[in-house]
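Participant: Sequence plus predicted model, see below.
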Amino acid sequence: MSTNNFVKSACRQCGGHLEFPAAAAGETIACPHCGQPTELAAPVLANRVSDSRRKKLALVAVVLVLLIGLAAVLNLRRKFDRGVISEKNSAPVALAKTSAIPVVSSVLPAKLTAEQRTNDFAISAVKLEKTPGSSLVYVTGKIRNLSRRQRFGVKVEFGLFDTNDTAVGKATDYQPILEPDGDWHFKALVMESKTASARVNAIAEDRQ
């Protein structure tokens with residue numbers, strides 16, 4: 001009994017099926033189907049090429065998975081870093097809220113909480129308020145037009161002070177028109193996180 005391994009191939013001329021010992025691969029014979037000379041090619045070579053291609057595709061897939069994973073890790077790291085920076089930036093506001101600025105209550109001296117009158121305006125109910133769900137703080141209150149005429153371009157300005165009563169900045173608000181005996185509920189944005197109190201500097205209008 002022969003111990004040779006037989007493999008199958010095809011004639012390069014007519015495509016007829018050929019079966020021959022593996023050891024004869026590479027030899028040229030006369031095709032039993034068409035009689036033309038043809039080289040015996042072992043199909044195992046094609047299998048090796050196919051295996052090599054599969055290995056390359058698998059390697060490419062692994063590299064793509066690794067790159068996607070690396071991109072995901074970098075994206076999470078950037079989000080984490082932004083969160084840390086945002087927390088650091090918001091820390092002074094949070095500190096001011098807990099140590100100096102009550103959320104709703106007034107922090108102005110008692111003599112400024114009563115109604116003040118100047119230039120035919122009356123200002124009252126002045127306080128610092130923090131907007132719920134955000135870090136924004138405003139100087140709020142009400143201004144009344146005491147005159148019998150319209151007031152145009154009304155502007156109110158406040159001085160801002162820290163817990164040591166040191167000036168840290170200003171806050172302003174603007175109302176285009178204020179009707180006779182009309183009320184204006186102003187909201188002047190506070191930009192200084194150290195603000196602990198506010199005082200009226202001036203109420204003025206554009207003369208028409």
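Facilitator: Yes, it's here.
Participant: CA atoms for contacts and neighbours, from now on please.
Facilitator: Noted.
Participant: And stretch 21-41, what's buried?
Facilitator: Buried residues in stretch 21-41, counted by 16 or more other CA atoms under 10 Å: 22, 24, 25, 31, 38, 39, 40, 41.
Participant: Show me which pair in the residues you listed is furthest apart.
Facilitator: 22 and 31 (16.7 Å; CA to CA).
Participant: Which members of the buried residues of stretch 21-41 occur in strands, if any?
Facilitator: When the buried residues of stretch 21-41 are checked against strands (DSSP state E), the matches are 38, 39.
Participant: mind putting the buried residues of stretch 21-41 in TSV, distance to residue 70 and pLDDT included?
Facilitator: Listed next are these as TSV, based on distance: CA to CA, whole Å; pLDDT from 0 to 100:
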residue	distance to residue 70	pLDDT
22	48	79
24	51	79
25	48	79
31	57	86
38	53	88
39	50	87
40	49	81
41	45	79
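Participant: for the buried residues of stretch 21-41, which one is nearest residue 146?
Facilitator: residue 41 (108.4 Å).
Participant: how close does the closest one sit to residue 19?
Facilitator: 10 Å (CA to CA, to the nearest Å).
Participant: shared neighbours of these two, anything?
Facilitator: Here residue 41 and residue 19 have residue 9 as joint contacts, going by CA atoms under 8 Å, 6 or more residues apart in numbering.
Participant: List the buried residues in stretch 180-193.
Facilitator: Neighbour-count burial for stretch 180-193 [16+ other CA under 10 Å]: 182, 183, 184, 186, 187, 188, 189, 190, 191, 192, 193.
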